[in-house]
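**Student:** I'll drop the sequence and a predicted model, then ask my questions.
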Amino acid sequence: MNKPDIEVSLVLPCLNEEEGIRVCIEKAKKVFSEQNIEAEIVVVDNGSTDKSPQIASELGARVISQPVRGYGAAYIEGLRQAKGKYIIIADADDTYDLGEIPKFLKFLRQGYEFVIGDRFKGKMYDKSMPWANRYIGNPILSGLCRLFFGVRFSDIHCGMRGFTKEAYQKMNLKCLGMEFATEMVMEALQKKLRQTEIPIDYYPRKGDSKLRRLPDAWRHMRFMFIFCPTWLYFSPGLFIAGFGLLVLTLILQGPFLFLGREWDIHMMVFGSLLSILGWYILNLGVYAKTFAARQGYLPYDPIMRFLSEKFKLELGILIGAIIFAIGLGVNISIFLEWWQKSFGALYRIREAIFAMTFMILGLQTVFSSFFVSLLLIKR
């Protein structure tokens, strides 16, 4: 008699969860039995020094070892070995009620590919989440993810999630640390998985927490900034360069009256600095976006489609040459005036600052075009 196919794989990462692992497995087995679900429980031991792996094995779970430490590392190994059509993930500390697994399966069976819990719309029990995480950390990180990536979820760090095996295979998950949670949400969005969010309850954990508030929060923020060139490079770069060029243009004609005082040479030097810095940041953004898209980390958005389809090295060189020529032309006019005065006293500091700035921007554009062309070479 053939063994029925496994419908659900429950994957639990485990690092010294002796107090919670037994309760989690017993709850899961109960719901699988009551709902007549053909399932497996996969416990990924991430270097436990207590009896949690033995407890899990005694209760019938399939225990696999992942010596590489990290929240993401444990999940990547567990998901790789999961056999079910649907996969449910949760923490092994009993903070999530595994009796709610059928709520996730309901949507997965209806054709949804990614289902995530929302602890804020469910019941959050006392002492389940520290005040700082609940009212500061989680809202800020979830808000940034919505702003940067257009995610609609309100609780992107909820650890209880469900997805199909095919959806997991589409998601190109690589992060080994806590930022794995953010990466999964971003990948689900970029791969256009059919997704939804459901309210779930959240309970006080059993055992010691493995979270490190500030380091883990920084890992999430770092991941979001690295994989969102628009907010890390393009937005600040455009603002800085635009403001710098505005200052240069205004003061080029002479002192500029603003807020009851005159702004002159020193402010123009500052404007030049901002122009160069902003243009440099924009160029870095183009490098980062091109590299990330070519490596498959980011999707091909309108910027990348323009670069890959319309951008030519010669076009970049031409644009850079025009910018450089503007600065060079101003410098030549300054030199001719100086020559006409028999190389005597000359006061063209504003024009010289303007010319120097444009020559730097032009050269940077030319050399950046060569580098972007290198990144766009098809292999």
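**Tutor:** Good, I have the coordinates.
**Student:** can you give me the helices in the stretch 101-250 of the chain?
**Tutor:** 101-109, 131-132, 138-149, 165-170, 180-190, 213-226, 229, 235-252 (DSSP state H, counting those that start in this stretch).
**Student:** Give me the distance between the fourth one and the centre of its chain.
**Tutor:** In this view, helix 165-170 has its centroid 20 Å away from the chain centroid, taken as CA atoms, centre = their mean, to the nearest Å.
**Student:** now swap in the third one and tell me
**Tutor:** Computed by CA atoms, centre = their mean, the chain-centroid distance of helix 138-149 equals 10 Å.
**Student:** likewise stretch 178-191?
**Tutor:** 8 Å.
**Student:** Enumerate residues external to it that contact any of its residues.
**Tutor:** Stretch 178-191 is contacted from outside by 70-72, 75-76, 113-114, 116, 141, 145, 149-151, 153, 156-157, 159, 161, 163, 167, 170-175, 195, 211, 216, 219-220, 222-224, 227, 298-299, using CB atoms under 8 Å, 6 or more residues apart in numbering. (Each C-beta comes from the backbone N, C-alpha and C, glycine too.)
**Student:** Repeat that for stretch 293-303.
**Tutor:** With contact meaning CB under 8 Å, 6+ apart, stretch 293-303 is reached by 172, 190, 227, 229, 289, 292, 304, 308, 375-376.
**Student:** Kindly recompute the last result at 6 Å.
**Tutor:** Residues outside stretch 293-303 that contact it (CB atoms under 6 Å, 6 or more residues apart in numbering) are 190, 292, 304.
**Student:** Grab the nearest non-local neighbour of residue 280.
**Tutor:** In space, residue 280 comes closest to residue 364 once its chain neighbours are excluded; the distance is 6.8 Å by CB to CB, 6 or more residues apart in numbering.
**Student:** model confidence over the one helix or strand the one you found maps to, on average?
**Tutor:** Here residue 364 is covered by helix 349-375, with elements defined by DSSP states H and E. Mean pLDDT, computed over helix 349-375, is 92.
**Student:** try stretch 130-139
**Tutor:** On average, stretch 130-139 scores 80.
**Student:** Convert the C-alpha atoms of it to CSV, please.
**Tutor:** Output of stretch 130-139 as CSV, limited to C-alpha atoms (Å, rounded to 0.1, in the frame of the first residue of the first chain):
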residue,chain,number,x,y,z
PRO,A,130,8.1,43.8,24.8
TRP,A,131,6.6,47.4,24.8
ALA,A,132,9.5,48.8,22.7
ASN,A,133,9.0,46.1,20.0
ARG,A,134,5.2,46.4,20.0
TYR,A,135,4.9,50.2,19.8
ILE,A,136,8.3,51.3,18.3
GLY,A,137,10.4,48.7,16.6
ASN,A,138,7.8,46.6,14.8
PRO,A,139,5.6,49.5,13.5
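**Student:** Pull out the buried positions in it.
**Tutor:** 133, 137-138 (16 or more other CB atoms under 10 Å).
**Student:** could I get those as TSV with distance to residue 7?
**Tutor:** Shown next, in TSV, are the buried residues of stretch 130-139 (distance: CB to CB, whole Å):
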residue	distance to residue 7
133	34
137	36
138	32
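**Student:** Among those, which one sits closest to residue 257?
**Tutor:** residue 137 (45.9 Å; CB to CB).
**Student:** No more questions from me, cheers.
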